[in-house]
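**Student:** Dropping a prediction and its sequence here:
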Amino acid sequence: MVAKIPTVLRLGLLLLVATVQAQDVVVPPPPPATVEAGLEQAVKWKWQMEPGSLGPWATLATTLLPSEPGSSAAVPKPAPRTAPEKSLDHTVMRGENLTNIARRYIVTVDHIKTFNSLTNDVIRVGQVLRIPGVEDIKSMIPPPPKDEKDKSIPSKGSQSSATVQPPVLIAKKPKRAMPPAAWGAAALVQTQVFLDRQGFTLGPIDGTTGPVYDAAFQGHEKAHPGQLFSSDGQPSAAMKSIGGAYTEYELRQDDLRWINPVSEETNRKKGEASPVLTLTDLTSQSFLGYRSGWEFVAERFHASESFLRRINPYIKSPNTPGTTFLVPNVEPFEIENALRKPIQPEADPAKPVKATIVELKRLIIRRADEVIASMPISVARPGLRGRGSWKVLDVIAHPRLTSTGDPAAPSATPIALAPGPNNPAGFAWINLAKASDLKPLPYGLHGTSIPGYMMKQESIGGFRLTNWDLARVIRLLPSGTELTWE
(Lines give C-alpha, C1' and ligand atoms only; values in the text may rest on other atoms or scores of the structure.)
Protein backbone atom coordinates (compact mmCIF):
# COMPACT_ATOMS: atom_id res chain seq x y z
CA MET A 1 0.00 0.00 0.00
CA VAL A 2 1.27 3.48 -0.94
CA ALA A 3 1.40 5.87 1.98
CA LYS A 4 -0.86 8.85 1.65
CA ILE A 5 0.99 12.18 1.35
CA PRO A 6 -0.47 14.93 3.54
CA THR A 7 -2.12 17.73 1.59
CA VAL A 8 0.22 20.42 2.92
CA LEU A 9 3.30 18.40 2.01
CA ARG A 10 1.86 17.64 -1.43
CA LEU A 11 1.26 21.33 -2.10
CA GLY A 12 4.78 22.12 -0.94
CA LEU A 13 6.26 19.56 -3.33
CA LEU A 14 4.21 20.91 -6.21
CA LEU A 15 5.40 24.44 -5.43
CA LEU A 16 9.02 23.25 -5.27
CA VAL A 17 8.73 21.46 -8.63
CA ALA A 18 7.12 24.52 -10.19
CA THR A 19 9.86 26.75 -8.81
CA VAL A 20 12.63 24.49 -10.18
CA GLN A 21 10.91 24.30 -13.55
CA ALA A 22 10.52 28.08 -13.64
CA GLN A 23 14.22 28.52 -12.89
CA ASP A 24 15.11 26.10 -15.67
CA VAL A 25 13.07 27.96 -18.25
CA VAL A 26 15.26 30.37 -20.22
CA VAL A 27 13.44 32.78 -22.50
CA PRO A 28 15.44 32.88 -25.73
CA PRO A 29 16.34 36.33 -27.04
CA PRO A 30 14.40 37.49 -30.08
CA PRO A 31 16.12 36.54 -33.33
CA PRO A 32 18.12 39.34 -34.95
CA ALA A 33 16.31 41.26 -37.65
CA THR A 34 17.20 40.10 -41.15
CA VAL A 35 15.70 43.11 -42.97
CA GLU A 36 16.36 46.82 -42.54
CA ALA A 37 13.77 48.39 -40.22
CA GLY A 38 10.67 49.61 -42.07
CA LEU A 39 11.40 47.62 -45.24
CA GLU A 40 10.17 44.19 -44.13
CA GLN A 41 7.67 43.92 -47.01
CA ALA A 42 9.19 46.54 -49.30
CA VAL A 43 12.33 44.49 -50.02
CA LYS A 44 10.12 42.20 -52.14
CA TRP A 45 8.91 45.02 -54.39
CA LYS A 46 10.50 46.52 -57.49
CA TRP A 47 12.18 49.86 -56.86
CA GLN A 48 13.51 52.42 -59.32
CA MET A 49 16.27 54.90 -58.65
CA GLU A 50 15.97 58.51 -59.81
CA PRO A 51 17.69 61.79 -58.94
CA GLY A 52 16.07 63.44 -55.95
CA SER A 53 15.75 67.00 -54.74
CA LEU A 54 18.67 68.68 -53.07
CA GLY A 55 17.13 68.94 -49.59
CA PRO A 56 19.65 70.53 -47.19
CA TRP A 57 22.23 70.52 -50.01
CA ALA A 58 20.18 73.31 -51.59
CA THR A 59 21.51 75.78 -49.04
CA LEU A 60 24.98 75.04 -50.39
CA ALA A 61 23.99 75.08 -54.06
CA THR A 62 26.28 77.97 -54.97
CA THR A 63 29.33 76.10 -53.71
CA LEU A 64 28.35 72.48 -54.34
CA LEU A 65 27.03 72.68 -57.87
CA PRO A 66 28.68 73.88 -61.09
CA SER A 67 27.84 77.18 -62.69
CA GLU A 68 25.15 77.33 -65.34
CA PRO A 69 26.46 77.72 -68.91
CA GLY A 70 27.48 81.32 -69.43
CA SER A 71 27.65 82.05 -65.72
CA SER A 72 30.77 83.71 -64.39
CA ALA A 73 30.40 82.17 -60.94
CA ALA A 74 33.53 80.33 -59.93
CA VAL A 75 33.30 76.66 -59.11
CA PRO A 76 35.51 75.71 -56.14
CA LYS A 77 37.81 72.78 -56.67
CA PRO A 78 37.36 69.75 -54.44
CA ALA A 79 39.65 69.60 -51.45
CA PRO A 80 42.67 67.36 -51.94
CA ARG A 81 42.37 63.93 -50.36
CA THR A 82 46.08 63.56 -49.70
CA ALA A 83 48.81 65.91 -48.57
CA PRO A 84 49.99 68.30 -51.32
CA GLU A 85 52.45 66.77 -53.77
CA LYS A 86 54.76 69.74 -53.19
CA SER A 87 54.96 72.28 -50.39
CA LEU A 88 52.86 75.42 -50.74
CA ASP A 89 52.00 78.66 -48.94
CA HIS A 90 48.79 79.29 -47.00
CA THR A 91 47.79 82.74 -45.76
CA VAL A 92 45.87 82.53 -42.49
CA MET A 93 42.32 83.87 -42.77
CA ARG A 94 40.01 85.10 -40.01
CA GLY A 95 38.48 82.20 -38.07
CA GLU A 96 41.15 79.68 -39.04
CA ASN A 97 43.30 77.68 -36.66
CA LEU A 98 45.97 75.05 -37.09
CA THR A 99 43.46 72.23 -36.76
CA ASN A 100 41.19 73.24 -39.64
CA ILE A 101 44.15 74.27 -41.81
CA ALA A 102 45.74 70.85 -41.25
CA ARG A 103 42.45 69.13 -42.07
CA ARG A 104 42.10 71.14 -45.27
CA TYR A 105 45.47 70.00 -46.59
CA ILE A 106 45.35 66.45 -45.15
CA VAL A 107 48.37 66.94 -42.92
CA THR A 108 48.68 67.05 -39.14
CA VAL A 109 49.09 70.03 -36.82
CA ASP A 110 52.52 68.71 -35.84
CA HIS A 111 53.53 68.60 -39.52
CA ILE A 112 52.71 72.32 -39.90
CA LYS A 113 54.36 73.28 -36.60
CA THR A 114 57.55 71.35 -37.40
CA PHE A 115 57.73 72.68 -40.95
CA ASN A 116 57.31 76.28 -39.72
CA SER A 117 59.38 75.95 -36.51
CA LEU A 118 56.36 76.91 -34.40
CA THR A 119 56.68 76.40 -30.66
CA ASN A 120 52.95 76.74 -29.91
CA ASP A 121 49.54 76.69 -31.64
CA VAL A 122 49.18 80.48 -31.87
CA ILE A 123 48.81 81.89 -35.41
CA ARG A 124 47.59 85.30 -36.61
CA VAL A 125 45.50 86.55 -39.50
CA GLY A 126 47.69 87.30 -42.51
CA GLN A 127 50.50 85.01 -41.39
CA VAL A 128 51.93 82.88 -44.20
CA LEU A 129 52.39 79.23 -43.29
CA ARG A 130 54.35 76.72 -45.36
CA ILE A 131 52.32 73.54 -45.87
CA PRO A 132 54.62 70.51 -46.23
CA GLY A 133 54.40 68.29 -49.29
CA VAL A 134 54.48 64.50 -49.37
CA GLU A 135 58.28 64.29 -49.53
CA ASP A 136 58.64 66.86 -46.74
CA ILE A 137 56.39 64.77 -44.51
CA LYS A 138 58.40 61.63 -45.25
CA SER A 139 61.57 63.45 -44.17
CA MET A 140 59.95 64.25 -40.80
CA ILE A 141 59.54 60.57 -39.90
CA PRO A 142 62.32 59.78 -37.41
CA PRO A 143 64.78 57.03 -38.38
CA PRO A 144 64.63 53.70 -36.53
CA PRO A 145 66.91 53.23 -33.52
CA LYS A 146 70.50 52.60 -34.57
CA ASP A 147 71.05 49.65 -32.25
CA GLU A 148 68.26 47.08 -32.32
CA LYS A 149 70.42 44.07 -31.49
CA ASP A 150 69.66 43.82 -27.78
CA LYS A 151 65.91 43.62 -27.16
CA SER A 152 66.21 41.73 -23.89
CA ILE A 153 64.54 42.79 -20.67
CA PRO A 154 66.16 46.07 -19.58
CA SER A 155 68.12 46.26 -16.37
CA LYS A 156 66.85 48.29 -13.44
CA GLY A 157 67.04 51.98 -14.02
CA SER A 158 67.14 51.66 -17.80
CA GLN A 159 64.46 51.61 -20.50
CA SER A 160 64.69 49.37 -23.54
CA SER A 161 63.66 50.63 -26.96
CA ALA A 162 61.59 47.45 -27.20
CA THR A 163 59.42 48.37 -24.21
CA VAL A 164 55.87 48.69 -25.43
CA GLN A 165 54.76 52.28 -24.97
CA PRO A 166 51.13 53.20 -24.42
CA PRO A 167 49.48 54.66 -27.54
CA VAL A 168 49.03 58.38 -27.93
CA LEU A 169 45.37 58.74 -27.06
CA ILE A 170 44.17 62.00 -28.53
CA ALA A 171 45.30 64.35 -31.27
CA LYS A 172 44.63 67.53 -29.33
CA LYS A 173 44.18 68.60 -25.74
CA PRO A 174 40.79 67.22 -24.67
CA LYS A 175 38.12 69.25 -22.91
CA ARG A 176 37.49 66.46 -20.41
CA ALA A 177 39.10 63.28 -19.19
CA MET A 178 38.53 60.20 -21.32
CA PRO A 179 36.37 57.41 -19.88
CA PRO A 180 37.77 53.90 -19.28
CA ALA A 181 36.06 52.53 -22.41
CA ALA A 182 38.11 54.91 -24.58
CA TRP A 183 41.36 54.15 -22.75
CA GLY A 184 40.83 50.42 -23.00
CA ALA A 185 40.25 50.44 -26.77
CA ALA A 186 42.82 53.10 -27.67
CA ALA A 187 45.57 50.84 -29.04
CA LEU A 188 43.21 48.99 -31.38
CA VAL A 189 41.33 52.15 -32.35
CA GLN A 190 44.61 53.79 -33.35
CA THR A 191 45.31 50.89 -35.72
CA GLN A 192 41.76 51.01 -37.08
CA VAL A 193 42.00 54.76 -37.61
CA PHE A 194 45.33 54.42 -39.43
CA LEU A 195 43.94 51.69 -41.71
CA ASP A 196 40.92 53.87 -42.45
CA ARG A 197 43.11 56.84 -43.31
CA GLN A 198 45.15 54.64 -45.66
CA GLY A 199 42.00 53.56 -47.53
CA PHE A 200 41.91 50.03 -46.06
CA THR A 201 38.63 50.41 -44.23
CA LEU A 202 36.69 48.09 -41.94
CA GLY A 203 33.22 49.58 -41.78
CA PRO A 204 32.28 51.31 -38.50
CA ILE A 205 35.20 51.65 -36.09
CA ASP A 206 34.25 49.97 -32.81
CA GLY A 207 37.47 49.06 -30.99
CA THR A 208 37.03 45.32 -31.57
CA THR A 209 38.47 42.77 -33.96
CA GLY A 210 36.68 40.44 -36.35
CA PRO A 211 36.72 39.15 -39.93
CA VAL A 212 36.21 42.59 -41.52
CA TYR A 213 39.01 44.11 -39.45
CA ASP A 214 41.26 41.14 -40.28
CA ALA A 215 40.60 41.60 -44.01
CA ALA A 216 41.54 45.29 -43.82
CA PHE A 217 44.66 44.56 -41.76
CA GLN A 218 45.85 41.74 -44.00
CA GLY A 219 45.07 43.74 -47.16
CA HIS A 220 47.24 46.60 -45.95
CA GLU A 221 50.05 44.25 -44.92
CA LYS A 222 50.01 42.66 -48.36
CA ALA A 223 50.04 46.01 -50.16
CA HIS A 224 52.45 47.76 -47.78
CA PRO A 225 54.46 45.17 -45.81
CA GLY A 226 55.74 46.33 -42.43
CA GLN A 227 54.16 49.79 -42.46
CA LEU A 228 51.74 49.18 -39.59
CA PHE A 229 54.17 48.16 -36.85
CA SER A 230 57.91 48.19 -36.34
CA SER A 231 59.91 44.99 -35.96
CA ASP A 232 59.54 45.15 -32.17
CA GLY A 233 55.73 45.42 -32.35
CA GLN A 234 55.51 49.17 -31.75
CA PRO A 235 53.16 51.33 -33.85
CA SER A 236 55.08 52.59 -36.88
CA ALA A 237 56.25 56.18 -37.13
CA ALA A 238 53.62 56.73 -39.82
CA MET A 239 50.88 55.49 -37.48
CA LYS A 240 52.14 57.69 -34.65
CA SER A 241 52.19 60.69 -36.98
CA ILE A 242 48.38 60.77 -37.20
CA GLY A 243 48.38 62.22 -33.70
CA GLY A 244 46.47 59.63 -31.68
CA ALA A 245 43.47 57.32 -31.68
CA TYR A 246 40.90 60.02 -30.91
CA THR A 247 40.04 63.65 -31.41
CA GLU A 248 37.05 65.77 -30.39
CA TYR A 249 34.19 67.23 -32.41
CA GLU A 250 31.86 70.00 -31.30
CA LEU A 251 28.39 69.80 -32.82
CA ARG A 252 27.64 72.98 -34.80
CA GLN A 253 24.39 74.80 -35.36
CA ASP A 254 24.84 74.20 -39.09
CA ASP A 255 24.94 70.43 -38.50
CA LEU A 256 21.32 70.39 -37.39
CA ARG A 257 20.00 70.75 -40.95
CA TRP A 258 21.11 67.15 -41.59
CA ILE A 259 19.31 65.79 -38.53
CA ASN A 260 15.61 64.88 -38.32
CA PRO A 261 15.34 63.94 -34.65
CA VAL A 262 12.99 61.12 -33.69
CA SER A 263 11.89 60.25 -30.19
CA GLU A 264 14.62 57.65 -30.10
CA GLU A 265 14.20 56.63 -26.50
CA THR A 266 10.56 55.68 -27.09
CA ASN A 267 11.14 54.24 -30.56
CA ARG A 268 14.21 52.26 -29.56
CA LYS A 269 13.80 48.76 -28.17
CA LYS A 270 15.97 48.07 -25.15
CA GLY A 271 19.40 46.95 -26.28
CA GLU A 272 18.89 47.82 -29.94
CA ALA A 273 21.23 50.20 -31.73
CA SER A 274 18.66 51.81 -34.03
CA PRO A 275 15.08 53.05 -33.70
CA VAL A 276 12.16 50.81 -34.63
CA LEU A 277 10.75 52.25 -37.86
CA THR A 278 7.83 51.50 -40.18
CA LEU A 279 7.49 52.08 -43.91
CA THR A 280 5.10 54.93 -43.06
CA ASP A 281 7.85 56.56 -41.00
CA LEU A 282 10.19 56.36 -44.00
CA THR A 283 7.76 57.47 -46.73
CA SER A 284 6.27 60.37 -44.75
CA GLN A 285 9.52 62.35 -44.75
CA SER A 286 10.69 64.76 -47.45
CA PHE A 287 14.32 64.24 -46.43
CA LEU A 288 15.72 61.10 -44.81
CA GLY A 289 18.23 62.74 -42.53
CA TYR A 290 20.08 61.45 -39.50
CA ARG A 291 17.78 60.54 -36.62
CA SER A 292 19.97 62.04 -33.90
CA GLY A 293 23.25 63.76 -33.22
CA TRP A 294 24.62 60.35 -32.26
CA GLU A 295 23.98 59.00 -35.74
CA PHE A 296 25.30 62.15 -37.46
CA VAL A 297 28.56 62.20 -35.51
CA ALA A 298 29.04 58.42 -35.73
CA GLU A 299 28.84 58.52 -39.53
CA ARG A 300 30.95 61.65 -39.80
CA PHE A 301 33.76 59.92 -37.92
CA HIS A 302 33.27 56.39 -39.30
CA ALA A 303 32.26 54.96 -35.93
CA SER A 304 29.78 52.44 -34.64
CA GLU A 305 27.01 54.38 -32.92
CA SER A 306 27.07 52.00 -29.95
CA PHE A 307 30.84 52.50 -29.60
CA LEU A 308 30.41 56.27 -29.82
CA ARG A 309 27.89 56.08 -26.97
CA ARG A 310 30.26 53.97 -24.86
CA ILE A 311 33.14 56.42 -25.13
CA ASN A 312 30.84 59.41 -24.48
CA PRO A 313 28.83 58.28 -21.43
CA TYR A 314 28.44 61.84 -20.13
CA ILE A 315 26.53 63.21 -23.16
CA LYS A 316 22.86 63.76 -22.41
CA SER A 317 21.92 66.18 -25.21
CA PRO A 318 23.40 64.85 -28.47
CA ASN A 319 21.32 67.23 -30.63
CA THR A 320 22.49 70.43 -28.90
CA PRO A 321 25.04 72.65 -30.68
CA GLY A 322 28.19 72.94 -28.62
CA THR A 323 28.06 69.34 -27.40
CA THR A 324 31.58 67.91 -27.58
CA PHE A 325 32.01 64.29 -28.72
CA LEU A 326 35.11 62.13 -28.36
CA VAL A 327 35.51 60.52 -31.81
CA PRO A 328 37.95 58.36 -33.80
CA ASN A 329 40.68 60.48 -35.36
CA VAL A 330 39.76 59.77 -39.00
CA GLU A 331 39.43 62.15 -41.92
CA PRO A 332 35.76 63.07 -41.38
CA PHE A 333 32.98 62.32 -43.85
CA GLU A 334 31.70 65.84 -44.51
CA ILE A 335 28.31 65.27 -46.05
CA GLU A 336 28.05 68.98 -46.86
CA ASN A 337 31.04 68.61 -49.22
CA ALA A 338 30.61 65.00 -50.37
CA LEU A 339 28.79 65.94 -53.59
CA ARG A 340 30.82 68.98 -54.55
CA LYS A 341 31.45 68.91 -58.30
CA PRO A 342 33.23 67.68 -60.28
CA ILE A 343 32.44 64.41 -58.53
CA GLN A 344 34.31 61.85 -60.61
CA PRO A 345 37.96 62.26 -61.63
CA GLU A 346 39.15 62.35 -65.20
CA ALA A 347 40.65 59.12 -66.51
CA ASP A 348 44.44 59.06 -66.75
CA PRO A 349 45.61 56.60 -69.46
CA ALA A 350 49.08 56.57 -67.92
CA LYS A 351 47.66 55.36 -64.58
CA PRO A 352 44.52 53.36 -65.36
CA VAL A 353 42.14 52.64 -62.49
CA LYS A 354 40.56 49.21 -62.08
CA ALA A 355 38.01 47.99 -59.54
CA THR A 356 37.36 44.43 -58.35
CA ILE A 357 34.66 43.03 -56.09
CA VAL A 358 36.09 40.01 -54.27
CA GLU A 359 33.68 37.30 -53.05
CA LEU A 360 30.96 39.96 -52.68
CA LYS A 361 32.77 41.10 -49.52
CA ARG A 362 35.38 43.70 -50.48
CA LEU A 363 35.85 46.32 -53.17
CA ILE A 364 39.50 46.63 -54.21
CA ILE A 365 40.61 49.66 -56.24
CA ARG A 366 43.95 49.72 -58.05
CA ARG A 367 45.72 52.54 -59.85
CA ALA A 368 48.45 51.37 -62.23
CA ASP A 369 48.31 47.98 -60.45
CA GLU A 370 48.88 49.53 -57.00
CA VAL A 371 46.12 48.93 -54.44
CA ILE A 372 44.92 52.36 -53.32
CA ALA A 373 41.72 51.34 -51.52
CA SER A 374 40.12 48.25 -50.02
CA MET A 375 36.74 48.44 -48.31
CA PRO A 376 33.87 46.21 -47.19
CA ILE A 377 30.91 45.80 -49.53
CA SER A 378 27.69 43.79 -49.33
CA VAL A 379 24.70 42.96 -51.51
CA ALA A 380 21.39 44.60 -50.64
CA ARG A 381 19.39 41.51 -51.59
CA PRO A 382 20.47 37.85 -51.61
CA GLY A 383 20.97 36.49 -55.08
CA LEU A 384 22.72 39.51 -56.58
CA ARG A 385 25.86 38.42 -58.38
CA GLY A 386 28.26 39.63 -61.00
CA ARG A 387 30.67 37.95 -63.35
CA GLY A 388 32.96 38.86 -66.18
CA SER A 389 33.62 42.53 -66.78
CA TRP A 390 31.33 45.43 -65.94
CA LYS A 391 31.79 49.17 -66.33
CA VAL A 392 31.45 52.18 -64.02
CA LEU A 393 29.21 54.92 -65.43
CA ASP A 394 28.09 58.21 -63.90
CA VAL A 395 27.18 59.21 -60.33
CA ILE A 396 23.60 60.05 -59.35
CA ALA A 397 23.56 62.45 -56.42
CA HIS A 398 21.00 62.22 -53.57
CA PRO A 399 18.99 59.32 -55.09
CA ARG A 400 15.24 58.95 -54.57
CA LEU A 401 13.72 55.45 -54.68
CA THR A 402 10.17 54.88 -55.97
CA SER A 403 7.96 51.80 -56.23
CA THR A 404 4.38 50.92 -57.13
CA GLY A 405 4.43 48.46 -54.25
CA ASP A 406 3.36 44.82 -54.27
CA PRO A 407 2.86 43.61 -57.89
CA ALA A 408 -0.26 41.75 -56.72
CA ALA A 409 -1.77 44.94 -55.31
CA PRO A 410 0.05 47.91 -56.87
CA SER A 411 -0.33 51.36 -55.42
CA ALA A 412 -2.12 53.98 -57.52
CA THR A 413 0.46 56.54 -56.35
CA PRO A 414 4.11 55.45 -56.39
CA ILE A 415 5.63 54.98 -52.96
CA ALA A 416 8.72 57.16 -52.54
CA LEU A 417 11.73 57.09 -50.26
CA ALA A 418 13.15 60.61 -50.13
CA PRO A 419 16.84 61.50 -50.59
CA GLY A 420 19.19 61.82 -47.67
CA PRO A 421 21.93 59.92 -45.82
CA ASN A 422 19.30 57.58 -44.37
CA ASN A 423 17.86 56.64 -47.74
CA PRO A 424 18.49 52.87 -48.09
CA ALA A 425 20.78 53.71 -51.05
CA GLY A 426 22.66 56.31 -49.05
CA PHE A 427 23.56 59.77 -50.32
CA ALA A 428 24.73 58.76 -53.83
CA TRP A 429 24.47 56.01 -56.46
CA ILE A 430 27.06 54.93 -59.06
CA ASN A 431 25.49 53.51 -62.22
CA LEU A 432 26.96 50.24 -63.50
CA ALA A 433 26.65 48.54 -66.88
CA LYS A 434 27.86 45.38 -68.57
CA ALA A 435 31.15 46.02 -70.35
CA SER A 436 29.55 45.72 -73.79
CA ASP A 437 26.56 47.96 -72.96
CA LEU A 438 26.06 51.54 -71.81
CA LYS A 439 22.56 50.97 -70.44
CA PRO A 440 22.61 51.27 -66.62
CA LEU A 441 21.75 48.13 -64.71
CA PRO A 442 19.20 48.26 -61.89
CA TYR A 443 22.03 47.38 -59.51
CA GLY A 444 24.51 50.14 -58.73
CA LEU A 445 27.21 50.87 -56.20
CA HIS A 446 25.65 52.98 -53.48
CA GLY A 447 25.66 53.93 -49.81
CA THR A 448 23.56 52.61 -46.95
CA SER A 449 21.49 53.80 -44.01
CA ILE A 450 22.62 50.86 -41.85
CA PRO A 451 26.44 50.87 -41.87
CA GLY A 452 26.61 48.63 -38.81
CA TYR A 453 24.17 46.07 -40.24
CA MET A 454 24.80 46.13 -43.98
CA MET A 455 26.59 42.76 -43.83
CA LYS A 456 23.66 41.18 -41.95
CA GLN A 457 20.39 42.71 -43.17
CA GLU A 458 18.57 42.87 -46.49
CA SER A 459 17.57 46.20 -47.97
CA ILE A 460 16.87 47.90 -51.31
CA GLY A 461 19.35 48.50 -54.10
CA GLY A 462 22.47 46.77 -55.35
CA PHE A 463 25.96 46.71 -53.84
CA ARG A 464 26.37 48.68 -50.62
CA LEU A 465 29.26 50.60 -49.09
CA THR A 466 29.23 52.80 -46.02
CA ASN A 467 28.45 56.39 -46.97
CA TRP A 468 31.96 57.50 -45.99
CA ASP A 469 33.56 54.82 -48.15
CA LEU A 470 31.25 55.70 -51.05
CA ALA A 471 32.37 59.33 -50.75
CA ARG A 472 35.93 58.14 -51.39
CA VAL A 473 34.97 55.74 -54.17
CA ILE A 474 33.22 58.37 -56.29
CA ARG A 475 36.44 60.45 -56.18
CA LEU A 476 38.55 57.47 -57.27
CA LEU A 477 36.56 55.86 -60.11
CA PRO A 478 36.42 57.74 -63.44
CA SER A 479 33.49 57.04 -65.72
CA GLY A 480 34.44 54.03 -67.85
CA THR A 481 36.45 52.27 -65.14
CA GLU A 482 36.49 48.49 -65.56
CA LEU A 483 34.83 46.54 -62.75
CA THR A 484 35.64 42.85 -62.47
CA TRP A 485 34.48 40.06 -60.15
CA GLU A 486 36.52 37.47 -58.27
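**Tutor:** Cool, the structure landed. Values in this document were obtained by computation on a predicted structure and should not be read as measured data.
**Student:** Could you use CA atoms for every contact and neighbour count after this?
**Tutor:** Will do.
**Student:** tell me the contacts of the closest residue to Met93 other than its chain neighbours?
**Tutor:** Spatial nearest neighbour of Met93, excluding adjacent residues (C-alpha to C-alpha, 6 or more residues apart in numbering): Val125 at 5.3 Å. With contact taken as C-alpha atoms under 8 Å, 6 or more residues apart in numbering, Val125 is in contact with Thr91, Val92, Met93, Arg94.
**Student:** Name the helix or strand for Val125, please.
**Tutor:** Counting by DSSP states H and E, no helix or strand carries Val125.
**Student:** where along the stretch 51-200 of the chain do the helices fall?
**Tutor:** Applying DSSP state H, counting those that start in this stretch to the stretch 51-200 of the chain gives helices spanning 61-64, 98-105, 109-115, 134-140, 180-197.
**Student:** Of the contacts of Val125, which belong to strands?
**Tutor:** Thr91 (DSSP state E).
**Student:** who wins for most neighbours among the contacts of Val125?
**Tutor:** Val92 (17 neighbours; other C-alpha atoms under 10 Å).
**Student:** Need the winner for burial among the helices of the stretch 51-200 of the chain.
**Tutor:** Of the helices of the stretch 51-200 of the chain, the one with the most neighbours on average (mean count of other C-alpha atoms under 10 Å) is helix 180-197, at a mean of 20.
**Student:** Against which helices or strands is that helix packed?
**Tutor:** For helix 180-197, the packing partners by 3 or more C-alpha pairs under 8 Å, 6 or more residues apart in numbering; DSSP states H and E come out as helix 211-223, helix 237-240.
**Student:** What residue spans form the domains of the protein?
**Tutor:** Annotated domains of the chain cover 42-60+339-485, 84-132, 167-330 [automatic domain parsing].
**Student:** Tabulate the ones you listed (JSON lines), appending mean pLDDT and distance to Lys138.
**Tutor:** Putting those into JSON lines (pLDDT from 0 to 100; distance: least, C-alpha to C-alpha, whole Å) gives the following:
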{"stretch": "domain 42-60+339-485", "mean pLDDT": "92", "distance to Lys138": "18"}
{"stretch": "domain 84-132", "mean pLDDT": "85", "distance to Lys138": "10"}
{"stretch": "domain 167-330", "mean pLDDT": "87", "distance to Lys138": "9"}
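**Student:** who wins for proximity to Thr34 among these?
**Tutor:** The closest of these to Thr34 is domain 42-60+339-485. By C-alpha to C-alpha, the value is 4.6 Å.
**Student:** start to end distance for that closest one?
**Tutor:** Chord length of domain 42-60+339-485, first to last residue, is 28 Å (C-alpha to C-alpha, to the nearest Å).
**Student:** With stretch 235-253 instead?
**Tutor:** Terminal residues of stretch 235-253 lie 37 Å apart, using C-alpha to C-alpha.
**Student:** Residues touching it, excluding its own?
**Tutor:** 108, 110, 141-142, 167-172, 174, 186-187, 189-191, 193-194, 227-230, 293, 319-329.
**Student:** Quick one, which of those residues are buried?
**Tutor:** Buried residues within the contacts of stretch 235-253, counting neighbours by 16 or more other C-alpha atoms under 10 Å: 108, 110, 167-171, 186-187, 189-191, 193-194, 228-229, 293, 319, 324-329.
**Student:** how close does Glu331 get to Gly388?
**Tutor:** From Glu331 over to Gly388 (counting by C-alpha to C-alpha), the distance is 34 Å.
**Student:** Which one's more surrounded, those two?
**Tutor:** Using other C-alpha under 10 Å as the criterion, Glu331 and Gly388 rank with Glu331 on top: 17 against 10.
**Student:** right, and Pro440 touches Trp429 too?
**Tutor:** No. The criterion here is C-alpha atoms under 8 Å, and Pro440 misses it with Trp429 at 11.4 Å.
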